[in-house]
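Student: missing the sequence, but the structure's below:
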């Protein structure tokens, strides 16, 4: 195992700069420019307060626009709540131990429909509850089939939705009547593809839909006729993304996103009759189309400029963009239909490093925004939370890597401070400069944190996203180690007091880091991470098998790739104390992955602790488990990275 580490470090030194992966141009940050501000009132934010801060799930307007229905965990479980648009104390509509989300409302104003699984197993049924409160009914009740992603027709009571069988990887498009009877519209054969509804058109007689590959690198736009299921492809091209986000009521114009010709996602409009496309002005950053305004004269567009996102209103005639003026951070649309029925208000979300996520209402006429919820505990105010900054550093081959750094207050630049590297999940995902309960908990206790967007992340173009293909835990691990090196170069951090923590693919990166580069990290925590891609392929859900094939092929066809990409190959070299936390019902990273890590390291005599939560899946939904996992994680790093644990 020492040989594997030496080879990794040697490759890091020898790789020529000419091999760098092209990403948007941006200046490289000077690590010495990081600074810890002075704040005499700064203190550790109680872990209990961070864990008790409520989540914002889906949201939906009532038929008259006077009420908003929200999925949130005010009681410690994600249930459905109702609040007045003008502002009121929320009223709970449903009560369940299992998580509820994905809500929509009926056009006649009688029902709220929502999704609910069993113990985190992700096989959701469709339920409904009266908007005024009352009996909750399971409309579908299909344990071996998932239903979700609902889209309500403008008339007739029909709901379009996505279905997926446990025995298959592919998902299909279907329609459901008000009594829960389902009729299939598509019959996808390729297990790597799935369908989703986008917009009803032609008086609810047809749908605009997307057909996407599971890894998000191929997408097509289709029209589906409701009566006979006839499917017509409108946009599509090999190895190219075309994705619709909305359509005008007559189906003549479609809001689309594509990476065609540019390699980067950009937004525009597609005219069906002429097959003409009009794009917004070029930007090096990821840009996605959104919804049309009710009058069809404008489109909302989201731009992800590095780790921050903004919303703009685009005139569909001139293609001129006007920023909505939301605060810097992470901004997005909320719900399947963010606009109120009269088109005046729009539901948006906002979060920043010092501002937990909340629902806001944006007035389309006055351009004013106001909060609709206040989900954070009072102790999580901007004045008490550490601030973040975007940084860019060069990795081993010269590739530019962006990251979010959260700096504690009142640190000395004396090379004695601890730090934690936080690789994200996915890998087709992105670290963003919004609120992170983990960064907030760590940084308020004196840990500098860095969240790197290693190769394979989204947001930086097609080539960057594909740069870890059949190289999981290779170049992306070197990018992650370079994040640690950036912090050490700042002069604040002790290289021997750096930890690593991540979940899912971030957990995989954590296991790969402590096995393949065992001298880099002094302590590690991983949640539901992968140790063995072979047993993953054998045990996980079919759709995740399809996703895995897009990343590293199959065990039979690519055995050497599987060996090189599995932390199992390197884990016996681990020195760092390791905490593992896992849900019993995880279908993405099954329980056996955590057990395998635990058994190997315990037999070797390492410091290792493994916790399993019953009735939890991929990520922890129950508040007591969210709180317990955060408390254990903070305590683990306090024990192994600090001389005296913080209280």
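Tutor: Looks like it arrived, so ask away. Please read all numbers here as calculations on a predicted model, not as lab measurements.
Student: Regarding this structure, what is its longest helix?
Tutor: The single longest helix within the chain, with elements called by DSSP state H, is helix 623-641.
Student: who's in contact with it?
Tutor: Applying Cβ atoms under 8 Å, 6 or more residues apart in numbering, the contact partners of helix 623-641 are 47-48, 50-52, 73, 76-77, 418, 420, 437-438, 441-442, 445, 447, 497-499, 501, 522-523, 525, 527, 576-577, 579, 581, 609, 611, 613, 616, 620, 645-646. Using the backbone N, CA and C atoms, a C-beta is placed for each residue, glycine as well.
Student: which ones are touching the residue nearest the centre of the chain?
Tutor: By Cα atoms, centre = their mean, the chain has its centre lying nearest to residue 429, at 6.2 Å. Residue 429 makes contacts with 457-458, 505, as judged by Cβ under 8 Å, 6+ apart.
Student: try 7 Å
Tutor: When contacts are counted by Cβ atoms under 7 Å, 6 or more residues apart in numbering, residue 429 touches 457-458.
Student: now residue 319
Tutor: Taking Cβ under 7 Å, 6+ apart, we find residue 319 in contact with 278, 280.
Student: Please, which helix or strand holds it?
Tutor: Per DSSP states H and E: residue 319 is located in neither a helix nor a strand.
Student: Over to residue 449?
Tutor: Assigned by DSSP H and E, residue 449 belongs to strand 448-452.
Student: Report the distance from that strand to the chain centre.
Tutor: With Cα atoms, centre = their mean, to the nearest Å as the basis, strand 448-452 stands 17 Å off its chain's centre.
Student: pLDDT on that strand, on average?
Tutor: In this model, strand 448-452 has an average pLDDT of 98.
Student: What pairs with it, parallel or antiparallel?
Tutor: Strand 448-452 sits in its sheet next to strand 400-407 (antiparallel), strand 417-421 (parallel), going by DSSP bridges.
Student: mind listing what's buried in the longest helix of the chain?
Tutor: Residues of helix 623-641 classed as buried by neighbour count (16 or more other Cβ atoms under 10 Å): 623, 625-630, 633-634, 636-638, 640-641.
Student: Just give me the closest of those residues to residue 314.
Tutor: Of all the buried residues of helix 623-641, residue 314 sits closest to residue 626, with 38.1 Å by Cβ to Cβ.
Student: tell me the pLDDT at residue 178?
Tutor: Per-residue pLDDT puts residue 178 at 85.
Student: Next up, the contacts around the closest residue to it other than its chain neighbours.
Tutor: Of all residues not flanking residue 178 in the chain, residue 157 sits nearest, at 4.6 Å (Cβ to Cβ, 6 or more residues apart in numbering). With contact taken as Cβ under 7 Å, 6+ apart, residue 157 is in contact with 106, 177-178.
Student: how close does residue 157 sit to residue 283?
Tutor: From residue 157 across to residue 283, the span is 41 Å (Cβ to Cβ, to the nearest Å).
Student: now residue 518
Tutor: As judged by Cβ to Cβ, residue 518 and residue 283 stand 42 Å apart.
Student: burial count for residue 41?
Tutor: Neighbourhood size, residue 41 [other Cβ atoms under 10 Å]: 7.
Student: coming back round to it: just the closest of the buried residues of helix 623-641 to residue 493, please.
Tutor: Nearest to residue 493 among these, counting by Cβ to Cβ, is residue 641 at 10.8 Å.
Student: do you know how far the closest one is from residue 45?
Tutor: In terms of Cβ to Cβ, residue 641 sits 18 Å off from residue 45.
Student: So what touches stretch 85-97?
Tutor: Residues outside stretch 85-97 that contact it (Cβ under 7 Å, 6+ apart): 65-68, 74, 77, 79-83, 100, 112, 116, 129, 133, 136, 345.
Student: PyMOL command to pick out the buried ones of those residues?
Tutor: This is the PyMOL syntax for the buried subset of the contacts of stretch 85-97, where burial follows 16+ other Cβ under 10 Å:
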select buried, resi 67+68+74+77+79+80+81+82+83+100+112+116+129+136+345
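Student: What about the contacts of stretch 85-97, which are in helices?
Tutor: Going by DSSP H, the helices hold none of those.
Student: The closest residue to residue 229 other than its chain neighbours: what's it in contact with?
Tutor: Sequence neighbours aside, residue 185 is the residue nearest to residue 229 in space, at 4.8 Å (criterion: Cβ to Cβ, 6+ apart). By Cβ under 7 Å, 6+ apart, residue 185 lies in contact with 173-175, 224, 229.
Student: What of residue 463?
Tutor: Going by Cβ under 7 Å, 6+ apart, residue 463 touches 21-22, 263.
Student: shouldn't residue 566 be in contact with residue 533?
Tutor: Yes: using Cβ atoms under 7 Å, residue 566 is in contact with residue 533, at 5.0 Å.
Student: If you average pLDDT per helix and strand, which one of this protein comes out bottom?
Tutor: Among the helical and strand segments of the chain, the one scoring lowest on mean pLDDT, DSSP states H and E is helix 2-14, with a mean of 33.
Student: and residue 31, how many neighbours does it have?
Tutor: So residue 31, with other Cβ under 10 Å, has 18 neighbours.
Student: Okay, it and residue 474: tell me how far apart.
Tutor: From residue 31 across to residue 474, the span is 24 Å (Cβ to Cβ).
Student: Report how many residues lie close to residue 358.
Tutor: 18.
Student: A strand includes it, no?
Tutor: Yes: under DSSP: H, G, I helix; E, B strand; the rest coil, residue 358 falls within a strand.
Student: which residues touch it?
Tutor: Contacts for residue 358 (Cβ under 7 Å, 6+ apart) come out as 56, 349-350, 371, 373-375.
Student: Spell out which residues sit in contact with the residue nearest to it when sequence neighbours are not counted, please.
Tutor: In this structure, residue 358 finds its nearest non-sequential neighbour in residue 373, 5.2 Å apart by Cβ to Cβ, 6+ apart. Contacts of residue 373 were listed using Cβ under 7 Å, 6+ apart, and they are 56, 70, 358-359.
Student: any chance you could map the helices in the stretch 501-647 of the chain?
Tutor: Per DSSP state H, counting those that start in this stretch, the stretch 501-647 of the chain carries helices over the ranges 505-516, 533-539, 542-552, 559-565, 591-604, 623-641.
Student: Pull the residues that contact the second one.
Tutor: Going back to what we said before, that points to helix 533-539. The contact list for helix 533-539 (Cβ under 7 Å, 6+ apart) reads 530, 545, 548, 552, 555, 562, 565-566, 590, 592-593, 596.
Student: tell me which residues in that helix are buried?
Tutor: For helix 533-539, burial by neighbour count (16+ other Cβ under 10 Å) applies to 533, 535-537, 539.
Student: go on, the fifth one?
Tutor: If you call a residue buried by 16+ other Cβ under 10 Å, then helix 591-604 has these buried ones: 592-594, 596-598, 600-601.
Student: Give me the packing partners of it, helices and strands only.
Tutor: If you count contacts as 3 or more Cβ pairs under 7 Å, 6 or more residues apart in numbering; DSSP states H and E, helix 591-604 packs onto helix 533-539, strand 578-583, strand 608-613.
Student: list the helices and strands the second one packs on?
Tutor: Think strand 578-583. strand 523-527, helix 591-604, strand 608-613, helix 623-641.
Student: quick one, what contacts the closest residue to residue 609 other than its chain neighbours?
Tutor: In space, not counting the residues next to it along the chain, residue 609 is nearest to residue 579; the distance is 5.1 Å by Cβ to Cβ, 6+ apart. Contacts for residue 579 (Cβ under 7 Å, 6+ apart) come out as 525, 609, 632-633, 636.
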